[in-house]
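Student: How does the following fold in three dimensions:
(chains A, B and C)
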Amino acid sequence: MRNIRLEHVSKAFGDDIILDNLSLTIPSGSFFALLGPSGSGKTTLLRLIAGFDTVDSGQIYIGDRNITHVPINKRNINTVFQQYALFPHMNVFGNVAYGLRVKGVASDIIEQKVRRTLQKVHLERHIYKPIQQLSGGQQQRVALARAIINEPDVLLLDEPLAALDLKLREQMLVELIDLQSELKTTFVYVTHDQFEALTVADYMAIMNYDGEIEQVGTPKEIYEFPISSFVAKFVGSTNLFHGLLIEKNGGFAMDIPELGIFEVAVSERRKFEAGSSLLMSLRPEKIEINKEEQAGFANHLTGIVQAIIYYGRSTQYSVKLPNGFIVHVFEQNEEHFPHEVIDYDDVVHLYWQKENVVLLEK
Amino acid sequence: MNRDIENTEVSTNVSFFMALPAFVWLLIFLYIPLLVIIGLSFIRKGVISAWPDFTLSNYFTFFDSLYYSILVRSLLLAFVTMAVCLLCAYPIAYFLALYARRWKNMLLFLLALPFGVNFVILAYAWFFILEKNGLINSILTTLGIISTPIQLLNTEFAIYVGMIYCYLPFMVLPIYAVLEKLDLRLIDASLDLGATRFATFWRIILPQSMPGIQTGFFMVFIPSFGEYVIPALMGGGKYMYVGSLISHYFSVLRNLPLGSAFTVFSSIVLLIVSLIFYWRFRRAT
Amino acid sequence: MSSRMSQYMLPFFVALMYFFLYIPIVVLVFFSFNKSISLFRWSGFSWRWYSEAWNDSTMWIALRNSLVVSFSAVVLSLIMGLLLVHYGRSFLEKTFFIFYGALIVPEIVLAVGLLSLFSFLSVPLGFTTLIAGHTILGLSYTVPIIYARFNELEYQLTEASLDLGATVWQTFYKVTLPLLTPAMIASGLLVFIVSLDDFIIAFFSASPSTQTLPLYIFNVIRSGASQSVSALSVILLLAGSFLILLLSSLKLKKLFSFGQ
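Tutor: Model prediction:
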């Protein structure tokens, strides 16, 4: 088992404290995403693992091996840089072969391995091309090939798809997933794009602006059961209501000022006590929106449609509640000819089940 | 974040020693000599062996109208050279950057070419033109404008011509470099807002080219002040400038203390004048 | 003033300036072929001065001296500059400005400073002192140029190389050096030209036996036997132009090299 373990790692640059007493375990062989806004320290964390910067305090382990003070070139970790950092004076072959050449591997073995690796990234035809002749996506793959050919314990990817356009990015994400499951190498993928993270990750960690890890878990855990409002807002979008937890009919409900009392299900994972002041997180896709009244829902609000944004496969409605608060609702466009068309200024009814909210402390 | 070399197997010590030679060289052969000069300037001549007696008397020698005139003459030389070079260089740079298209590279090359030629030779080339029987005099006599040849060489006029000739490219290139990077859209914007071409030049282009002019100042004014060769060659050694006097102290009189003192003295004068210029520049921008 | 006229004024002025710039050179070349000893009266075409220059042994010695000094200065300032930039990046960031010292101080101050230092330490003047002084000049060209180019390069290239397992030396040899080569050639050439051209440091730091070319020419002119140097001047003119041509063709390449 070669987990990556960071224990009580701190890093500051001058007076700027980026990471403070941070601990994290990245499971061996997983595709791990490090998600956070710009400035959250995720790149710093990556650089510490790679060895480009050294920790001020703390330890870093790969399996049993303490790599905290091991030099960059001896860690058996390879990085795919955001701007690729391909060597401009070498062609594709030279770039990909570099890691093997510097270790003195025999040239026939090198040739073999380079071809095989280029096949994995679908670039065999460009093997001798100068890198300036390649497109962004192709350069990206060369950077990838250059790293994985060394069969590292860990592959670090620093926002590798940031410079690519949307379609290419989607394609590359799938290729990365396939590559990782084929190689079984631990991938650590840094990004600020939640879509990318949710797509590729087996596990992910969310970092906030202060360089702290808010939550670690599978994408589904993080999306459906966020620990804090930061996570709830950063991954996906949500509607947050501030209120008081009260007991009702043997269960729990949230008393939300000006709006009413809404039944909630308190999960086993986080037990809250009645009387606590909490946030109720309700994701837009969990809300049903109808012009006519419906039965069978415990929770209900009415409002007026302020804005409609059409996304093709879904539509987002912004509904203004009587107290002025705006709720966002996503509805999947299931039918070509919807039986009910919702328009601006329509009065609508919003419904949701009590199990579909998440209670948060802050 | 650029300490990667230190995060490798190469110890900081090795890095230190690899980078050291350049610093050491600079220290020994540039900064220490300057200190030596400053130190020497306080020594009375002749007493170099034992712990020398320090004195300011060397400096007092220079508070005399003879030396003032030498300093003023050098300042005037530097100033006039700079001014004329600026007036001539600016149009050239302007033309090269904004107008010449097909010939730009050719013209730049032609401009730089004299730079590669030893400037002693270039100064010497002027002999052919300025001499009593040289080009100018021959032309003037043939055209009947003068009857007897004028003394052009070994005059201050010759010195100035030589200076301007040698320093002109040094003024053109910095200004050209700045103008070349000028955002032409600024000119478009100015004209669009109703300014005349002249106003555009005065208010937009000229201020933007200040950094180039400043560089030109450093490359022309300061060296001109201490120039030795051109006054020596073109002036026949008849005129005393700062450079000539320093050279005189060191190579003829072999009076190192006094020579050093004068070097420091004139350097301070240069520094003060340069600072004054710098502040005036600052206010102009 | 009609705009037609003002349109032509600028090019006319510039042409005039170039004319001014080249008159001496043209005249020089012209008279180097002059048969008679008189400087300024044309009396027929002759290779005389060229053969005299060819046979002048003092000239050859001076040329050899100049070349030795200049080559040494180039090599020394390139090596030291390169090592400094590669290994001393963190030092350089803070102390960069001290390398401009040699450019700000008037050269004559530099020259007498060196002379004073050598007298003080009783070091005999000669090749060593000359090379030392010229290397200082050289460093103020190689360090800024190589450093600027080094900074332009993505620093991540060094990181990438180390990340892939290369040692510091391998990184230097396989990545940094090839990419810095154009900058090195350009600055090396520049140093060569400046060193060859230098008069004032040579004047104070050289001994009679280590006379460089500019010194030799200066002495000949001063002693009045000027005509003999005219041929040499033309040859140097051609050599100098060739070097400038080389330099400017390199500059263009440097801009084209390796995109980004």
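
Student: Please make it C-alpha for all contacts and neighbour counts, starting now.
Tutor: Fine.

Student: Name the residues that touch stretch C:102-120?
Tutor: Taking contacts as CA atoms under 8 Å, 6 or more residues apart in numbering or on different chains, the residues outside stretch C:102-120 that touch it are B:29-30, B:32-34, B:36-37, B:218, B:222-223, B:225-228, B:243, B:250, B:256, B:260, B:263, C:124-125, C:129, C:133, C:136-137, C:140, C:200-202, C:204-205.

Student: Residue C:245 is in contact with residue B:109, correct?
Tutor: Yes. Counting by CA atoms under 8 Å, residue B:109 sits close enough to residue C:245 to count as a contact (7.2 Å).

Student: Return the nearest residue of the stretch 101-250 of chain C with respect to chain A.
Tutor: Checking the stretch 101-250 of chain C residue by residue against chain A with CA to the nearest CA singles out residue C:165 as nearest, at 4.1 Å.

Student: ok so, going back, of the contacts of stretch C:102-120, buried ones?
Tutor: Neighbour-count burial (16 or more other CA atoms under 10 Å in any protein chain shown) applied to these gives B:29-30, B:33-34, B:36-37, B:218, B:222-223, B:225-228, B:243, B:250, B:256, B:260, B:263, C:125, C:129, C:133, C:136-137, C:140, C:200-202, C:204-205.

Student: taking these one by one, which sit in helices?
Tutor: Under the assignment DSSP state H, the buried ones among the contacts of stretch C:102-120 contribute B:33-34, B:36-37, B:218, B:222-223, B:225, B:243, B:256, B:260, B:263, C:129, C:133, C:136-137, C:140, C:200-202, C:204-205 to helices.

Student: For whichever residue of the stretch 251-362 of chain A sits closest to chain B, give me the pLDDT.
Tutor: Taking CA to the nearest CA, chain B has its nearest neighbour within the stretch 251-362 of chain A at residue A:362, 34.7 Å off. Model confidence at residue A:362, given as pLDDT, is 73.

Student: shouldn't it be in contact with residue A:232?
Tutor: No. With contact defined as CA under 8 Å, residue A:362 does not reach residue A:232; the gap is 10.5 Å.

Student: all helices for chain A, in order.
Tutor: Counting by DSSP H, chain A has helices at residues A:42-50, A:92-101, A:107-120, A:136-148, A:166-183, A:194-200, A:219-224, A:229-234.

Student: So which bits of chain A are right by chain B?
Tutor: If contact is defined as CA under 8 Å from any CA of the partner chain, the residues of chain A in contact with chain B are A:51-54, A:70-73.

Student: Let's see that with 6 Å instead.
Tutor: For chain A, the residues in contact with chain B (CA under 6 Å from any CA of the partner chain) are A:52, A:71-72.

Student: Next, format those as JSON lines and append neighbour count and pLDDT.
Tutor: Formatted as JSON lines, the residues of chain A next to chain B follow (neighbours: other CA atoms under 10 Å in any protein chain shown; pLDDT from 0 to 100):
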{"residue": "A:52", "neighbour count": "25", "pLDDT": "88"}
{"residue": "A:71", "neighbour count": "24", "pLDDT": "86"}
{"residue": "A:72", "neighbour count": "33", "pLDDT": "86"}
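
Student: Reformat the residues you listed into TSV and put distance to residue A:126 next to each item.
Tutor: Formatted as TSV, those follow (distance: CA to CA, whole Å):
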residue	distance to residue A:126
A:52	31
A:71	33
A:72	30
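
Student: Please list the members of these that lie in strands.
Tutor: Helix and strand membership here follows DSSP state E; of the residues of chain A next to chain B, not one is in strands.

Student: about what we covered before: so the residue of the stretch 101-250 of chain C closest to chain A makes contact with residue A:71?
Tutor: No. The pair formed by residue C:165 and residue A:71 falls short of the contact definition of CA atoms under 6 Å, at 9.6 Å.

Student: does stretch A:123-142 come close to chain C?
Tutor: No. With CA under 6 Å from any CA as the criterion, chain C is not reached by stretch A:123-142; the gap is at least 7.2 Å.

Student: Kindly format the C-alpha coordinates of that stretch as PDB.
Tutor: Taking Å, rounded to 0.1, in the frame of the first residue of the first chain, the C-alpha atoms of stretch A:123-142 are listed here in PDB:
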ATOM      1  CA  LEU A 123       0.400  10.300 -30.500                       C
ATOM      2  CA  GLU A 124       2.400   7.600 -32.300                       C
ATOM      3  CA  ARG A 125       2.200   9.400 -35.600                       C
ATOM      4  CA  HIS A 126       3.800  12.500 -34.300                       C
ATOM      5  CA  ILE A 127       6.800  10.900 -32.700                       C
ATOM      6  CA  TYR A 128       9.500  12.900 -34.400                       C
ATOM      7  CA  LYS A 129       7.700  16.200 -34.800                       C
ATOM      8  CA  PRO A 130       9.100  19.300 -33.200                       C
ATOM      9  CA  ILE A 131       6.800  20.300 -30.400                       C
ATOM     10  CA  GLN A 132       6.000  23.800 -31.900                       C
ATOM     11  CA  GLN A 133       4.100  22.000 -34.600                       C
ATOM     12  CA  LEU A 134       1.600  20.400 -32.200                       C
ATOM     13  CA  SER A 135      -1.700  21.700 -31.100                       C
ATOM     14  CA  GLY A 136      -2.500  22.500 -27.400                       C
ATOM     15  CA  GLY A 137      -4.200  19.200 -26.900                       C
ATOM     16  CA  GLN A 138      -1.300  17.300 -28.500                       C
ATOM     17  CA  GLN A 139       1.200  19.100 -26.400                       C
ATOM     18  CA  GLN A 140      -0.800  18.200 -23.400                       C
ATOM     19  CA  ARG A 141      -0.500  14.500 -24.200                       C
ATOM     20  CA  VAL A 142       3.200  14.800 -24.800                       C
END
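
Student: picking that back up, just tell me which of the helices of chain A ends up closest to residue C:76.
Tutor: Residue C:76 lies closest, by CA to CA, to one member of those: helix A:92-101, at 31.0 Å.

Student: All good on my end, thank you.
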